[in-house]
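Chemist: just need the structure, nothing else, for what follows:
(chains A, B, C and D)
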There are 2 protein chains.
Amino acid sequence: MKAEIAEILRRNQLSITECRTKILELFQQAAGALSHADIEKKTHNHFDRVTIYRSLQTFVEKGIIHTIPTSDNSVRYALCKDECSEGHHHDNHVHFICDVCGITYCLDNTLTPEVILPQGFEQNRADLILSGTCNKCSQ
Amino acid sequence: MKAEIAEILRRNQLSITECRTKILELFQQAAGALSHADIEKKTHNHFDRVTIYRSLQTFVEKGIIHTIPTSDNSVRYALCKDECSEGHHHDNHVHFICDVCGITYCLDNTLTPEVILPQGFEQNRADLILSGTCNKCSQ
DNA sequence: GTAACTGCAAAATATTTGCATCCTT
DNA sequence: AAGGATGCAAATATTTTGCAGTTAC
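Modeler: Prediction:
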């Protein structure tokens, strides 16, 4: 795990630091997406708020994580698949946000369906966000 | 126009005030979705920031407008179709955000495709957000 | 007249920037 | 040793809350 994380950082020309390693570890362990606040909580204020902001920014720029659109204000992030590269994401999978527990799931095996756009519109990225009740909360 | 707006407010048991009328007018005129900041700018600070926040909140609660998820932080709103009612939105249409001009389009005639969810997941709402270049900017 | 709405002040929260120091390579 | 990364302080932006005064009905 740690070795894999180090490899990700190295591949992206990023220094291997405690904060970055820990954040990526959290993403690997997480059931779903994480917000800045989630990470702050899970690291128990061991790292500065600002450092976490900057780490997340860097990871997004490098294509290691991606943001997930949400209808409320909150910004959440999830690990990209390997195919993602700097500046170009292939995260056209579906996200499911549970209204009960708040967990954001990446439904990796469900691809975003194609849509026919009006004349002149050129699509670059697609995000399908579903919400409702997840399998744990629907019981 | 004004009469129609008054009717919307009346139907939702809301007082007909200058601020609310103006905001709904802006939504009717807008090519796409509007953010809080857009409205503040277009009303030229004639109304208090807080009043605009509260108006938008009220409109969302009543099902007059709905929020649109965006991958950046910004919260944007657009008019709901008539079928929307309090607490239950039928805004399962597609939104297109232009990376160039920033306008958010509601593609009313394009419905969100159905997706098969894993066992135990119950869907309540679906948002398909596309981004790229709109017909005006692609020329 | 009364309840609903607004505006102002201020608090709470979220995000960004600058800079000195520390750590990775 | 040098450049990148971090932590702290502080600035900026965003959103929420309380309350007194005003307006719609």
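
Chemist: wait, does the longest helix along chain A contact chain B?
Modeler: Criterion DSSP state H: the longest helix present in chain A is helix A:49-62. No. Under the criterion of C-beta under 8 Å from any C-beta of the partner chain, helix A:49-62 makes no contact with chain B; the nearest approach is 10.0 Å. From N, CA and C alone the C-beta is placed, and that goes for glycine too.

Chemist: show me what that helix packs onto, helices and strands only.
Modeler: Counting contacts by 3 or more C-beta pairs under 8 Å, 6 or more residues apart in numbering or on different chains; DSSP states H and E, helix A:49-62 packs against helix A:18-29, helix A:36-42, strand A:65-68, strand A:76-79.

Chemist: CA atoms of the second one as PDB?
Modeler: Right, the one you point to is helix A:36-42. Provided in PDB are the C-alpha atoms of helix A:36-42 (Å, rounded to 0.1, in the frame of the first residue of the first chain):
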ATOM      1  CA  HIS A  36     -11.600  18.500   2.800                       C
ATOM      2  CA  ALA A  37     -13.400  18.400   6.200                       C
ATOM      3  CA  ASP A  38     -13.400  14.600   6.100                       C
ATOM      4  CA  ILE A  39      -9.700  14.500   5.700                       C
ATOM      5  CA  GLU A  40      -9.100  17.100   8.400                       C
ATOM      6  CA  LYS A  41     -11.200  15.000  10.800                       C
ATOM      7  CA  LYS A  42      -9.600  11.700   9.900                       C
END
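
Chemist: hmm, it touching DNA strand D?
Modeler: No. Judged by C-beta under 7 Å from any atom of the strand, helix A:36-42 stays clear of DNA strand D, getting no closer than 11.2 Å.

Chemist: so who does the residue of chain A positioned farthest from its centre touch?
Modeler: Among the C-alpha atoms of chain A, the one most distant from their mean position (C-alpha atoms, centre = their mean) is that of residue A:119, at 31.8 Å. By C-beta atoms under 8 Å, 6 or more residues apart in numbering or on different chains, the contact set of residue A:119 is residue B:135.

Chemist: mind pulling up the pLDDT for it?
Modeler: Turning to residue A:119, the model gives it a pLDDT of 90.

Chemist: the longest strand along chain A pairs with which strands?
Modeler: Ranked by residue count and defined by DSSP state E, the top strand of chain A is strand A:122-133. According to DSSP bridges, strand A:122-133 forms sheet pairs with strand A:93-98 (parallel), strand B:122-133 (antiparallel).

Chemist: list the buried ones in the last one?
Modeler: Taking 16 or more other C-beta atoms under 10 Å in any protein chain shown as the basis for neighbour counts, the residues of strand B:122-133 that come out buried are B:125, B:126, B:127, B:128, B:129, B:130, B:131, B:132, B:133.

Chemist: looking at those residues, which one is closest to residue A:20?
Modeler: Nearest to residue A:20 out of the buried residues of strand B:122-133 is residue B:131 (C-beta to C-beta; 27.9 Å).

Chemist: which strand residues bridge the most centrally placed residue in chain A?
Modeler: Nearest to the mean C-alpha position of chain A, counting by C-alpha atoms, centre = their mean, stands residue A:78 at 1.4 Å. Residues in a beta bridge with residue A:78, per DSSP bridges, are residue A:66.

Chemist: who touches it in this structure?
Modeler: Counting by C-beta under 8 Å, 6+ apart, residue A:78 has contacts A:27, A:30, A:32, A:33, A:34, A:65, A:66, A:68, A:95, A:104, A:106.

Chemist: make a PyMOL selection of whichever of these turn out to be buried.
Modeler: Buried members of the contacts of residue A:78, defined by 16+ other C-beta under 10 Å, are picked up in PyMOL with:
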select buried, chain A and resi 27+30+32+33+34+65+66+68+95+104+106
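
Chemist: so how many other residues sit close to the residue of chain A found nearest DNA strand C?
Modeler: Nearest to DNA strand C, among the residues of chain A, is residue A:16, at 3.5 Å (C-beta to the nearest atom of the strand). When neighbours are defined as other C-beta atoms under 10 Å in any protein chain shown, residue A:16 has 13 of them.

Chemist: just residue A:80 next, same as before
Modeler: Neighbours of residue A:80 under the rule other C-beta under 10 Å: 20.
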